[in-house]
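Novice: with the sequence up front, the predicted model follows.
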Amino acid sequence: MSIQNELLSIIQDVPNFPKEGIIFKDINPLLRNPVAMKKVIAAMSEFARELNVQHIVGIESRGFFFALPLALEMNIPFVAARKKGKLPGAILSESYSLEYGKDSIEIQTDALKKGERYLIVDDVIATGGTAKACSKIIQKSEAIVVGFSFLLEITFLQGRENLLEGNSKIPIQSLVNA
Ligand SMILES: O=P(O)(O)OC[C@H]1O[C@H](OP(=O)(O)OP(=O)(O)O)[C@H](O)[C@@H]1O
Ligand SMILES: Nc1ncnc2[nH]cnc12
């Protein structure tokens, strides 16, 4: 079975969560499956190695499940992009809208090194708002966003197109389209 089909069989659709009309993609069955998780991290690290990535940025909270094992697998630093008000010290911040609300994302300024190569990792790209806000923060500090890696892309929401506005040549990996 292809990794795409294997992941499609593991990730569950939950209708009307967290709001009426949303089909929520539940990745918890994948997190409970170490064999499939290792395949996911291997596929992400293949993509990251091709891009000569130097730092992995994980987006709170579900992005952390993939970004930290990926950073450890590659032996490079993990950088946490956290929701508003969670990080101490000097931070850079951006707000954004999502399928079911509004939020802000923040990164500590000392994690962002001018001219170094960053990969943004998350579980899901829906509208692309979260990942785009994260890329804006990184670019503000003159670090380089060299790619985006997602477990799952909700294609009808056109997050890829949103992300590519202003970032047109940045490669985007998604292991499953749903
Ligand atoms: O492409 P977008 O429309 O921005 O949506 C994708 C984001 O939404 C989810 O996070 P959520 O804010 O639900 O938080 P969580 O990871 O803490 O569950 C998901 O983990 C992505 O970060
Ligand atoms: N439909 C969805 N399922 C899971 N995570 C999401 N993040 C944004 N939209 C989502």
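Specialist: Perfect, I can see it now. Ligands and ions are numbered 1, 2, ... in the order given.
Novice: next secondary structure after the helix or strand hosting residue 160?
Specialist: Here residue 160 sits within helix 159-164, counting by DSSP states H and E. Next in sequence after helix 159-164, counting helices and strands by DSSP H and E, comes strand 172-177.
Novice: other SSEs contacting the helix with the most length in the chain?
Specialist: Longest helix in the chain by number of residues (criterion: DSSP state H): helix 34-50. Packing partners of helix 34-50 (3 or more Cβ pairs under 8 Å, 6 or more residues apart in numbering; DSSP states H and E): helix 3-10, helix 28-31, helix 64-74, strand 144-153, strand 172-177. Any C-beta I mention is one placed from the backbone N, CA and C, and that applies to glycine too.
Novice: again, only this time at 6 Å
Specialist: Contacts defined by 3 or more Cβ pairs under 6 Å, 6 or more residues apart in numbering; DSSP states H and E place helix 34-50 against helix 64-74.
Novice: what average pLDDT does the helix it packs on get?
Specialist: Averaged over helix 64-74, pLDDT sits at 99.
Novice: ok, and for it, which residues are buried?
Specialist: By 16 or more other Cβ atoms under 10 Å, the buried positions in helix 64-74 come out as 64, 65, 66, 67, 68, 69, 70, 71, 73, 74.
Novice: those into a markdown table, with extra columns for distance to ligand 2?
Specialist: Output for the buried residues of helix 64-74, formatted as a markdown table (distance: Cβ to the nearest ligand atom, whole Å):
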| residue | distance to ligand 2 |
| --- | --- |
| 64 | 14 |
| 65 | 12 |
| 66 | 13 |
| 67 | 16 |
| 68 | 19 |
| 69 | 19 |
| 70 | 19 |
| 71 | 22 |
| 73 | 24 |
| 74 | 25 |
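Novice: just the residues you listed now: which is nearest residue 134?
Specialist: Checking those against residue 134 by Cβ to Cβ gives residue 67 as the nearest, at 11.1 Å.
Novice: quick check: residues of the chain near ligand 2?
Specialist: Counting by Cβ under 6 Å from any ligand atom, the residues of the chain lying close to ligand 2 are 22, 23, 24, 25, 98, 99, 124, 126, 154.
Novice: show me the contacts for residue 163.
Specialist: 128, 131, 132 (Cβ atoms under 6 Å, 6 or more residues apart in numbering).
Novice: mind doing that once more with 7 Å?
Specialist: With contact set as Cβ atoms under 7 Å, 6 or more residues apart in numbering, residue 163 has these partners: 128, 131, 132, 148, 172.
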